[in-house]
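Peer 1: next come a sequence and a model predicted from it.
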Amino acid sequence: MSEGRRERRGRARERLPDPSTFGAGCIDRRTFGAGCIDRRTFGAAVLSAAFGMSRALADGDGDAAAHQKAIDSLLTAAAEDGKVPGAVLWLEGRGRFYHKAYGSRAVEPRKLPMRPDTMFDAASLTKVVATAPSVMLLVQAGEVSPRDPVSKHIPEFAGEGRSAVTVEQLLTHTSGLPPILPREPAWRGYAKAIALACESQLRTKPGKEFRYSDVNFILLGEVVRRVGGMPLAEFARERLFAPLGMVDTEFQPPADKRSRVAPTTREGDELIQGVVHDPAARAMGGVAGHAGLFTTAGDLAKYARMLVKGGALGEAQVFRAETVQAMTRNHLRPLRHGGVKRGYGWDIDSRYSSPRGEGFPAGDSFGHTGWTGCSIWIHPESEGFVILLANRNHPYERKSIAELRADLGTLAGKALGVG
């Protein structure tokens, strides 16, 4: 490891106050919709310091209040109709926010109410909250270039056309690699997963087509490990989550936090809770570039806020503004890639863009989804974003919630004044 890298690892990090440390009862949800804070628990000045703002989304704005009420009705109905057991929402724009829990955190083995500080299996949000930004930190430091062949950093990823695949093609899902690792014969272990990824046969010539692929981000997680000098979980924690005060964002949540995690599916006699749902990530030990991260709406709000602020949050300067711009602008050619627009990890315009709804402008906003029911969509110009965390696959796999995401995106955009 280089001396500079050791210095970065050892440098003290500024941590921002975290609202989850005040306890689940800090926000009086009976009055929160009107922007009122329960001052019996703590002062408004503490909330303002923790969240970096002091006004609720609909405070003094009749249109925003109406759209906020429609959002409440939408998510309450989704829980009552069984589309999801429950959900947590965070909606924010220009110094105003709305944070609320709906429905149930669990329905088995007993029914438990959803809480605003519930932790969720973020599924593929791992790609854009942990892996892609970790790669971009290495790009920003000059240790990786998007134009690098992947084989420069993973020499065994070579032969049969693989040497032509670049880091950028992994980030934009244009590598030509298959969507997932083979499941048969059964395998286990991080090293085995990397070996399988390095042996994957290209489906198409690199750069030719957009094909969403977990294999791309499994390889990117390994790039971070080799170039960054530490596993992805440790790198993301030290370089991203700790500086931003994201204290509830981590791989492999410890036992003392698992009761806060929304469970996912029942597998035989076992209810999956606090263990990653994705089968490949679980076989890898719970840490993978494509899935495995657990987080809260409050932590994701800090991350999104950092992005719309050009890479900084409070005194923590994580990215330079140009790095954020590179990560979130389109890197695909419309004619070659069928009109699909992708950033580095981020979705801008594709068949996966349901969280945008009709409320956020295509091309000027970006986001991502996760299999378990999580999604985020961001509009930098308004400093606005909508976060939906849900465990739609508890205790069994349900139908897609793409329509619910789209309806929420439409209402969220209107509430923020961008739709």
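Peer 2: Yes, it's here. Only a predicted model underlies this, so the values are computations on that prediction, with no experimental measurement involved. Numbering: from 1, shown residues only.

Peer 1: so, low pLDDT: which residues of the stretch 301-419 of the chain?
Peer 2: In the prediction, the stretch 301-419 of the chain carries residues with pLDDT under 70 at positions 335, 419.

Peer 1: just the element for E358, please.
Peer 2: Per DSSP states H and E: E358 is located in neither a helix nor a strand.

Peer 1: ugh, wrong one, I meant R398
Peer 2: Judged by DSSP H and E, R398 forms part of no helix or strand.

Peer 1: what's the answer for the one 5 residues further on, then?
Peer 2: Taking DSSP H and E as the definition, E403 sits inside helix 402-416.

Peer 1: can you give me how far that helix is from the chain middle?
Peer 2: The offset between the C-alpha centroid of helix 402-416 and the centroid of the whole chain comes to 18 Å, using Cα atoms, centre = their mean, to the nearest Å.

Peer 1: contacts for it next, please.
Peer 2: 57-58, 63-64, 67-68, 70-71, 74-75, 78, 83-84, 89, 91, 93-94, 98, 354-360, 369, 375, 377, 379, 382, 384, 386, 388, 419 (Cβ atoms under 8 Å, 6 or more residues apart in numbering). (Each C-beta comes from the backbone N, C-alpha and C, glycine too.)

Peer 1: from those residues, keep the buried residues only.
Peer 2: Taking 16 or more other Cβ atoms under 10 Å as the criterion, what is buried in those is 57-58, 64, 67-68, 70-71, 74-75, 78, 83-84, 89, 91, 93, 98, 354-357, 359-360, 369, 375, 377, 379, 382, 384, 386, 388, 419.

Peer 1: which ones among those lie within strands?
Peer 2: 89, 91, 93, 98, 369, 375, 377, 379, 384, 386, 388 (DSSP state E).

Peer 1: in this structure, where's the longest helix?
Peer 2: With residue count as the measure and DSSP state H as the assignment, the chain has helix 62-80 as its longest helix.

Peer 1: tell me what angle that helix forms with helix 402-416.
Peer 2: For helix 62-80 and helix 402-416, the angle between their directions (axes from the mean of the first three to the mean of the last three Cα atoms, to 10 degrees) works out to 160 degrees.

Peer 1: which secondary structure elements does helix 62-80 contact?
Peer 2: Secondary-structure packing of helix 62-80 (3 or more Cβ pairs under 8 Å, 6 or more residues apart in numbering; DSSP states H and E): strand 86-93, strand 96-106, helix 402-416.

Peer 1: give me whichever of these is most buried.
Peer 2: Mean neighbour counts were compared across the helices and strands packed on helix 62-80 using mean count of other Cβ atoms under 10 Å; the top stretch is strand 86-93, at a mean of 26.

Peer 1: and that strand, how far out from the chain middle?
Peer 2: When distances are taken as Cα atoms, centre = their mean, strand 86-93 is centred 14 Å away from the chain's centroid.

Peer 1: and it with helix 62-80, angle?
Peer 2: Computed with the same axes, to 10 degrees, the direction of strand 86-93 lies at 160 degrees from that of helix 62-80.

Peer 1: next, the angle from strand 86-93 to strand 375-379.
Peer 2: Following the same axes, to 10 degrees, one obtains 10 degrees for the angle between strand 86-93 and strand 375-379.

Peer 1: got the CA coordinates for strand 86-93 in CSV?
Peer 2: The C-alpha atoms that make up strand 86-93 are tabulated as CSV, following Å, rounded to 0.1, in the frame of the first residue of the first chain:
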residue,chain,number,x,y,z
GLY,A,86,-44.7,-1.1,4.8
ALA,A,87,-42.4,1.6,3.6
VAL,A,88,-40.3,4.6,4.7
LEU,A,89,-40.3,7.8,2.7
TRP,A,90,-37.8,10.6,2.6
LEU,A,91,-38.7,13.6,0.3
GLU,A,92,-36.5,16.6,0.3
GLY,A,93,-35.9,19.8,-1.8
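
Peer 1: mind listing what that strand pairs with, with the direction of each?
Peer 2: For strand 86-93, sheet partners with direction are given as strand 96-106 (antiparallel), strand 384-390 (antiparallel), following DSSP bridges.

Peer 1: what about it, average pLDDT?
Peer 2: Computed over strand 86-93, the mean pLDDT rounds to 98.

Peer 1: contacts only, for W187.
Peer 2: 181, 193, 196, 283.

Peer 1: let's see 10 Å
Peer 2: The neighbourhood of W187, defined by Cβ atoms under 10 Å, 6 or more residues apart in numbering, consists of 181, 193, 195-196, 280, 283-284.

Peer 1: among those residues, which are in helices?
Peer 2: Among the contacts of W187, the members falling in helices (DSSP H) are 193, 195-196, 280, 283.

Peer 1: quick check, P361 in contact with S353.
Peer 2: No: P361 sits out of contact with S353 when judged by Cβ atoms under 10 Å, with a separation of 11.5 Å.

Peer 1: who's more crowded, the two?
Peer 2: A count of neighbours by other Cβ atoms under 10 Å puts S353 above the other of P361 and S353, at 24 against 14.

Peer 1: what's the closest non-adjacent residue to the more buried one?
Peer 2: With Cβ to Cβ, 6 or more residues apart in numbering as the measure, D347 is the residue that lies nearest to S353, at 5.7 Å, once sequence neighbours are left out.
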